[in-house]
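[1] what shape does this take:
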Amino acid sequence: MSHSLVLKNARIIDPSRNLDEIGTIIVRNGRILAAGRDAQNQGAPEGAEIRDCDGLVAVPGLVDARVHVGEPGAEHRETIASASRAAAAGGVTSFIMMPDTDPVIDDIALVEFVKRTARDTALVNVYPAAAITKGLAGEEMTEIGLLREAGAVVFSDSHATIHDTQVLRRVMTYAREFGAVISCETRDRYLGANGVMNEGLLASWLGLSGIPREAELIPLERDLRIAALTKCLYHAAMISVPESVEAIRLARSRGAKATCGISINNLALNENDIGEYRTFFKLYPPLRSEDDRTAMIDALADGTIDIIVSSHDPQDVDTKRLPFSEAEDGAVGLETMLAAALRLHHSGQVSLMRLIDAMSTRPAQIFGLDAGTLKPGAKADITLIDVDEPWLVSKDMLLSRSKNTPFEDARFTGRAVATYVAGQCVHSSNAG
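    This next block holds a predicted model:
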């Protein structure tokens, strides 16, 4: 059945065309026919659903490149279906699912399981990431070529860092031949191995062991050197300190094909938020100092940091209601990533165009996804945002199966009021 949709009087922001103007989006059969000021003069297709978007911003559907899901193996924490509902509510139309499931996504059958389950149960587009090494053990390389052919869009060992440099070199050399992106979380095995928060005065006051910035920086610098050596497409999954930004800049100046991301948590929060040992703020990378946070915002604004990720990592009560040092790292974030990022727009620190670029267009480009643009002919994945709507986060409203949000009771301004995947509305709030 054909379906047509017209979104009129919207402020359209499309970083893929550097477009920011009041206009109309016309959708037919899941694809965009026209989007912009000129589309206002085109007639609506016969029988089209017409929505007046006066006061709303229309952007390419958000793309979250780092989402942990419990299925298979830990469905009580999150399923592909529940993660997709949370994503739709947060304006996310596509996400990349990390391979740290049980069993690990390290063979073709598991990649196909994710794709099939997503096709049958998910509201949004779900793209599988495959493990770099078998069992995430850092020793034996997976079948990168076959996994990529099966549909893996990126290769990552999730929270694990590959410590064997020879294995890493072999992986990157092999990945280069297939144009595959290698995405690594940089976490030194020994430095700060027992650390639970940012190393500094506050950690000392709280009596908690610290994680120095060098624990991120040293493996990052090593990875960047090997990426330059192998000419591999390398993505630093989540950086959190200014020294890492400088390392990325230097590596690029030397010819490394390096991109990087940052967790929304490291842009919106700092170590002081831990307060009275609040375990929902126990994250990796750890929340850093306020000076670090503002420096990372600057690096995002100037484009050195390519993308923002939610780092959605659902944990249940049993793993979070523990003493701070014993609690698991991680927080849910699909539903709050956009609202937390809009704080940077409202404070004037990052333009709306750059924020949407970092949460939609750029991740789609890096990982080769059919997303991140409102160009005619593109898939009609669209998020409508009311940038001025005030709302309060309560854990009861979260659609994720896990409720471990660091933003509980946070006051936000701005949210997704409607989310469209291939022209079909998969989320709509009463507002807007």
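[2] contacts, neighbours, all on C-alpha from now
    OK.
[3] pLDDT below threshold where in the stretch 251-400 of the chain?
    Within the stretch 251-400 of the chain, no range satisfies pLDDT under 70.
[4] what segments of it are strands?
    With DSSP state E, counting those that start in this stretch, the ranges of strands along the stretch 251-400 of the chain come out as 257-263, 307-309, 382-392.
[5] for the shortest one, packing partners?
    By that I understand strand 307-309. Under the contact definition 3 or more CA pairs under 8 Å, 6 or more residues apart in numbering; DSSP states H and E, strand 307-309 sits against strand 62-67, strand 257-263.
[6] rewinding a little: closest one to L19 among the strands of the stretch 251-400 of the chain?
    L19 sits nearest to strand 382-392 of all the strands of the stretch 251-400 of the chain, at 14.8 Å, using CA to CA.
[7] hmm, back to that, just the helices and strands packed on strand 307-309: most buried one?
    Across the helices and strands packed on strand 307-309, averaging neighbours per residue (mean count of other CA atoms under 10 Å) puts strand 62-67 on top, at a mean of 28.
[8] who touches whatever helix or strand comes next after it?
    Proceeding N to C from strand 62-67, the next assigned helix or strand is helix 80-89, under DSSP states H and E. Residues from elsewhere that reach helix 80-89 (CA atoms under 8 Å, 6 or more residues apart in numbering): 69-71, 93-95, 117-118, 121-124, 126, 334-335, 398-401, 416, 418-419, 426-428.
[9] still on that earlier bit, what's the closest of the helices and strands packed on strand 307-309 to L33?
    So among the helices and strands packed on strand 307-309, strand 62-67 is nearest, using CA to CA, at 19.7 Å.
[10] check which helices and strands the closest one sits against.
    So strand 62-67, by 3+ CA pairs under 8 Å, 6+ apart, packs with strand 92-97, strand 307-309, helix 362-367.
[11] with just CA atoms, put that strand into PDB.
    Extracted as PDB, the C-alpha positions of strand 62-67 are listed here (Å, rounded to 0.1, in the frame of the first residue of the first chain):
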ATOM      1  CA  LEU A  62      19.100  10.300  14.700                       C
ATOM      2  CA  VAL A  63      21.800   7.500  14.400                       C
ATOM      3  CA  ASP A  64      23.200   6.100  17.700                       C
ATOM      4  CA  ALA A  65      26.400   4.300  17.000                       C
ATOM      5  CA  ARG A  66      26.900   2.600  20.300                       C
ATOM      6  CA  VAL A  67      24.000   0.700  21.900                       C
END
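[12] so which residues make contact with it?
    The contact list for strand 62-67 (CA under 8 Å, 6+ apart) reads 91-98, 308-313, 334, 356, 359-361, 363-364, 371-372, 383.
[13] quick revisit: identify whichever of the helices and strands packed on strand 62-67 lies nearest to Y174.
    Distance to Y174, taken as CA to CA, is lowest for helix 362-367 among these, at 17.1 Å.
[14] and that closest one, what other elements does it pack with?
    Looks like helix 362-367 contacts strand 62-67 (3+ CA pairs under 8 Å, 6+ apart).
[15] what's the angle between the strand it packs on and strand 257-263?
    Between strand 62-67 and strand 257-263, the angle comes out at 90 degrees (axes from the mean of the first three to the mean of the last three CA atoms, to 10 degrees).
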